[in-house]
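1. Show me how the following folds:
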Amino acid sequence: MAPTGKNAGKRGPTEKQPKAKVARYLKSQEAQINEGVKSSLLLKGTRCSEIMGNVLKDLRAMKAPAAKLLTKKNEINLFDDSQSI
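-> You can find the predicted model right below:
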């Protein structure tokens, strides 16, 4: 039977609509059609093989404006030998 009188347009206790602030937050957290570009940082160490170096360069070329390839030219390896510190 349909509700009549005072309770005609009201929802039950479990069917409340979210407050406006909560509704705006939930809307901002939804999946978007066009998301922003993700940037990436590619690190090449001193012991990196030539093949792996080429892979990193190729990845950098594919993500050209949003990627940065860093190479380490320093021969100090902190975790291998404590005498060089």
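2. any idea how far residue 72 is from residue 65?
-> 23 Å (CB to CB, to the nearest Å). C-beta: built from backbone N, CA, C; applies to glycine.
3. And the two? Which one has more around it.
-> residue 72 (13 against 6; other CB atoms under 10 Å).
4. Quick check: phi and psi at that one.
-> Note on residue 72: its backbone torsions stand at phi -100, psi 120 [degrees, to the nearest 10].
5. Next: residue 40.
-> phi -140, psi 150.
6. The one 10 residues further on too?
-> According to degrees, to the nearest 10, the main-chain angles of residue 50 amount to phi -70, psi -40.
7. What of residue 32?
-> The phi/psi pair for residue 32 (degrees, to the nearest 10) is phi -110, psi 150.
8. let's number from 48 now, not from 1
-> In the new numbering, first residue 48, that becomes residue 79.
9. List the contacts of stretch 112-119.
-> 84-93, 103-104, 106-107 (CB atoms under 8 Å, 6 or more residues apart in numbering).
10. Could you check it and say which residues are buried?
-> 114, 116 (16 or more other CB atoms under 10 Å).
11. next one: stretch 93-106
-> residue 103.
12. What average pLDDT does it get?
-> Across stretch 93-106, the average pLDDT comes to 91.
13. can you name the two of the contacts of stretch 112-119 that are farthest apart?
-> The span of the contacts of stretch 112-119, defined through CB to CB, is set by 84 and 93 at 30.0 Å.
14. Low-confidence ranges, the chain, go.
-> Within the chain, the ranges that satisfy pLDDT under 70 run 48-60, 62, 121-132.
15. Which parts of it are helices?
-> 67-75, 97-109 (DSSP state H).
16. so residue 106 makes contact with residue 89?
-> Yes. In terms of CB atoms under 8 Å, residue 106 counts as a neighbour of residue 89; the distance is 6.1 Å.
17. what's residue 78 sitting at in phi/psi?
-> The phi/psi pair for residue 78 (degrees, to the nearest 10) is phi -70, psi 140.
18. next one: residue 110
-> phi -100, psi 40.
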